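S.K.: Sequence and predicted model, in that order:
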Amino acid sequence: MPNNPAQNNFPFVAWLRDVAPYIHSFRGKTFVIGFAGELVQKGGLEALIQDVAMLHAMGMRIVLIHGSRPQVQEQLDLRKVPSHYGTGAMSGYRITDPAALECAKEASGEIRLDIEAAFSQGLPNTPMAGSRISVISGNFIIARPVGIVDGTDFMHTGLVRKVDSESIAHSLLNNKIVLMSPLGFSPTGQAFNLAYEDVATATAIALRADKLIFLTEYNGLYELNNDGQKELITELSLPQLEQHMQALKPEDADLKVLLQHTNRAIKAGVGRVHLLPHDRDGALLEELFTHDGISTMIAASDIEHLREATLDDVGGILQLIEPLEEEGILVARGRDVIERDIMHFSVIEHDRVLFGCAALFPYPNGIGELSCLAVDPESQGAGDGERLLKRIEARAKSSGLKKIFVLTTRTEHWFLKRGFVRASVDDLPEERQALYNWERKSMVLMKTL
């Protein structure tokens, strides 16, 4: 029997449909991506550039900031120049003497050329095939010296004073990728060695970026679960981030500096900050185009939002329920029906993408119907269905309803575990009994609130 091409291609088609809402949501948005010099050192540059090129092709505005710490150290070692660092609160900062500054310039120059070369490749049968990407770099950063701290002169180590956001924004609007190095200059022309995290954070703030993405040695943030095992934290609000920072140990000084930059960015209005591992191939794409991502995302408030639906949600609701209607799990509803009943729906969204919906229809005598409960298959098991059920129950109570019922053909046990009990058609309101579909023979389940 010949293969069915449609069946063979279904996983790809389903995947493409899953990521389409993210592409629409991210188009025209500004992403500032800062990556550690270790990514270049370990051979991950080419893969990262290919992923960034794809984002650019999808209409996202990209600013890249590279780090260069290991490359600077290599230059110092070759010249047999000792390295010096600050102590205490400044323990992560290099003391940049004139020799170290020359090494920083050389290291940044080499990395910048490697990045520009990687964007220029367009070999057939590679992700860069047919790409025509223009990269622009320049003196976008005005810097100031760290100065003398606790008696230590940091010489040419600097901090960002100002970002030329107008020039960067102009380049982004002209479809350029902006590339920035961890170097800055004073108005008098003096050069300073900067932390790439500082450059990335200041740039994201100046541009009011939608996302600030760090690719570092840290694979996100972790906490201990009830079994005492480390568990990845996929999402953090700003208050939760500050609590996490307070719990860090002295040996986590470098991580604390990174989180301080994160905290600063979120407080200044950057939409999201992502902390990704630099040694995971494709981490950038996985984080942006999957529901839970692969690492930690920080926002000012809870990223997941449970709310009442509006007419703007009709398309997203239809996308959620149509596969269930095709399987016969839900009764078919057209767009006109959803638009008519939209005030009855609640939805759950994650980073502006709908992942679940449910509706409440009130009847006389204090009874309501829970209807059209649907959760995206990719996020099932994450508790979205439970949260939607609780939302509907809260809406029912606030409306003075004493009971809710649901009609189902396949999910009886899910509702029974959540306090519903078996009932009969005779227990339904008379108006609903008249509409009962005897061909579907749906089970009636009821819950007292």
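M.R.: Nice, thanks for sending it over.
S.K.: who touches the helix or strand hosting residue 20?
M.R.: Assigned by DSSP states H and E, residue 20 falls within helix 5-26. The contact list for helix 5-26, computed with Cβ atoms under 8 Å, 6 or more residues apart in numbering, reads 55, 58-60, 210, 288-289, 316, 319, 351-354, 378. The way it works is simple: take the backbone N, C-alpha and C, and place the C-beta from them, glycine included.
S.K.: what about residue 342, how many residues close to it?
M.R.: 18 (other Cβ atoms under 10 Å).
S.K.: residues contacting it?
M.R.: 309-311, 313-314.
S.K.: what's the distance between it and residue 312?
M.R.: Taking Cβ to Cβ, to the nearest Å as the measure, residue 342 falls 9 Å from residue 312.
S.K.: Stretch 297-307 - what's its average pLDDT?
M.R.: Confidence over stretch 297-307 (mean pLDDT, whole number) is 75.
S.K.: mind checking the end-to-end distance for that stretch?
M.R.: End-to-end distance of stretch 297-307 (Cα to Cα, to the nearest Å): 21 Å.
S.K.: what's the answer for stretch 143-155, then?
M.R.: 13 Å.
S.K.: which residues touch residue 66?
M.R.: 34-35, 37, 40, 108, 111-112, 115, 179-182, 196.
S.K.: for residue 45, same thing?
M.R.: Residue 45 touches 39, 114-115, 118, counting by Cβ under 8 Å, 6+ apart.
S.K.: separation between it and residue 367?
M.R.: Separation of residue 45 from residue 367 (Cβ to Cβ): 62 Å.
S.K.: Equivalent analysis for residue 426, please.
M.R.: Taking Cβ to Cβ, one finds residue 426 at 13 Å from residue 367.
S.K.: With neighbour numbers in mind, choose between the two.
M.R.: residue 367 (20 against 8).
S.K.: Verify the stated contact: residue 110 with residue 72.
M.R.: No - with contact defined as Cβ atoms under 8 Å, residue 110 does not reach residue 72; the gap is 10.7 Å.
S.K.: Mind checking which of the two has more residues around it?
M.R.: Between residue 110 and residue 72, counted using other Cβ under 10 Å, the more crowded position is residue 72 (25 against 14).
S.K.: centre of the chain versus the worst-scoring helix or strand of the chain on mean pLDDT, how much separation?
M.R.: Ranking every helix and strand in the chain by mean pLDDT, DSSP states H and E puts helix 5-26 at the bottom, with a mean of 72. In terms of Cα atoms, centre = their mean, to the nearest Å, the centre of helix 5-26 is found 19 Å from the chain centre.
S.K.: ok, now stretch 257-270?
M.R.: On Cα atoms, centre = their mean, the centre of stretch 257-270 falls 15 Å from that of its chain.
S.K.: pLDDT of that stretch, averaged?
M.R.: Rounded mean pLDDT across stretch 257-270 is 91.
S.K.: contact partners of that stretch?
M.R.: So stretch 257-270 is in contact with 92, 195, 197-198, 200-201, 204-205, 208-212, 214, 216, 218, 238, 241-242, 244-245, 248, 273, 275, 298-300, going by Cβ under 8 Å, 6+ apart.
S.K.: so where's the stretch 301-449 of the chain uncertain?
M.R.: 301-304, 351, 378-382 (pLDDT under 70).
S.K.: All the helices of it, residue numbers only.
M.R.: 314-326, 335-340, 384-398, 412-416, 430-435 (DSSP state H, counting those that start in this stretch).
S.K.: Which of those sits closest to residue 361?
M.R.: Nearest to residue 361, of all these, is helix 430-435, at 8.6 Å by Cβ to Cβ.
S.K.: Going by neighbour count, list what's buried in that closest one.
M.R.: residue 432 (16 or more other Cβ atoms under 10 Å).
S.K.: again with stretch 58-77
M.R.: Applying 16+ other Cβ under 10 Å to stretch 58-77 flags 60-76 as buried.
S.K.: domains for this structure, by residue range?
M.R.: Using automatic domain parsing, the domain parsing of the chain gives 25-302, 305-448.
S.K.: Show me what the lengthiest strand in the chain is packed against.
M.R.: Criterion DSSP state E: the longest strand present in the chain is strand 353-363. Packed against strand 353-363 by the contact rule (3 or more Cβ pairs under 8 Å, 6 or more residues apart in numbering; DSSP states H and E) you find helix 5-26, helix 314-326, strand 345-350, strand 367-375, helix 384-398.
S.K.: okay if I get the helices of the stretch 301-449 of the chain as TSV plus distance to residue 255?
M.R.: TSV is the format used below for the helices of the stretch 301-449 of the chain (distance: least, Cβ to Cβ, whole Å):
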stretch	distance to residue 255
helix 314-326	37
helix 335-340	46
helix 384-398	31
helix 412-416	40
helix 430-435	57
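S.K.: what's the closest of those to residue 359?
M.R.: Closest among those, using Cβ to Cβ: helix 384-398, at 7.8 Å.
S.K.: in that closest one, what's buried?
M.R.: For helix 384-398, by 16+ other Cβ under 10 Å, it's 384-385, 387-389, 391-393, 395-396.
S.K.: Same question for stretch 132-145.
M.R.: 133, 135-137, 140-143, 145.
S.K.: and if you look at stretch 205-224?
M.R.: Within stretch 205-224, the residues that count as buried by 16+ other Cβ under 10 Å are 205-207, 209-216, 218-221.
S.K.: and these, which two are the farthest apart?
M.R.: 206 and 219 (28.5 Å).
S.K.: re earlier: inside strands: which ones of the buried residues of stretch 58-77?
M.R.: 61-66.
S.K.: before we move on, the earlier item: now, which of the contacts of residue 66 lie within strands?
M.R.: 34-35, 179-180.
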